[in-house]
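# A predicted structure for the sequence below; I have some questions about it.
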Amino acid sequence: MPNAGDIIFASDFEYLVAQSSSTSSSAAIGTTETVVVTLPSATYLAGCAYRVKVTGGLVMSTTTAPAGWNLRKTSTAGTAVIQWPRSPAVGTTLAVDIGLSERYFVVGASDVTTVLVLSTVATAGATVTHAASAQYPRGVDIHFVGPSSKWPNAVVLS
C-alpha cells in the first residue's frame, strides 16, 4: 500500500488482460490432451510480467492416475507455456484436486499476440474432469502485474 506523498506509476497496478470461464464442468477427458478453457486473443507486451490464475477442480476417476493442467499457445499442439503437475488425494475413491492456482510468465523483447488455452489429460487409462458449478466457476484469468524484472525466474512467453 502506498504512503501519502508516494509517486504511483501506472505499472504498479494490476489489470485484467484476458479471461474465460464457465459454470459447467468439462466432459470426462481420457489420455488425449484436451482443451478445457480457451482465452480470447490478447497482446502480451514486451518486458512485462503476467499472473495466470486457474480456478476449478480436477476430478480424477481413480487415485492412481494424476492429472495436471497445461497452458499452451493456440491449441494442444502449441508451445507449452506453463505446466501444473498434480497428484490425486491418496486413499480416496474419487480423487479431487481443488483448483485455485497461480503462476507467472514474462514476455521477452517483442510483444506476443496469441490465443492461450488451458488443457488437461488423464493418465493410466483413467479420466479427468475440470469441475465447475454456478458457485465455483472454472476458468483462467490473466493479469498484467508489472515489469518482467520483478519476476526473474518466471517462464518466458515467446
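Great, that's in hand.
# And the strands in the protein?
Along the chain, the segments classed as strands by DSSP state E run 15-22, 34-38, 42-44, 48-55, 58-60, 68-73, 80-84, 95-97, 100-107, 112-114, 116-121, 128-130, 138-147, 155-157.
# Please report how far the most centrally placed residue in the chain lies from residue 80.
In the chain, the C-alpha nearest the mean C-alpha coordinate belongs to residue 54, at 4.4 Å (C-alpha atoms, centre = their mean). Here residue 54 is placed at a distance of 15 Å from residue 80 (C-beta to C-beta, to the nearest Å). In this view, the C-beta of every residue, glycine as well, is placed from N, C-alpha and C.
# Same question for residue 45.
From residue 45 over to residue 80 (counting by C-beta to C-beta), the distance is 21 Å.
# When those two are compared, which one has more neighbours?
Between residue 45 and residue 80, counted using other C-beta atoms under 10 Å, residue 45 has the larger neighbour count: 15 against 12.
# and the nearest residue to the more buried one once chain neighbours are set aside, what does it touch?
The shortest distance from residue 45 to any residue other than its chain neighbours is 5.5 Å, reached at residue 111 (C-beta to C-beta, 6 or more residues apart in numbering). Contacts were defined as C-beta atoms under 8 Å, 6 or more residues apart in numbering; by that measure residue 111 touches 43, 44, 45, 46.
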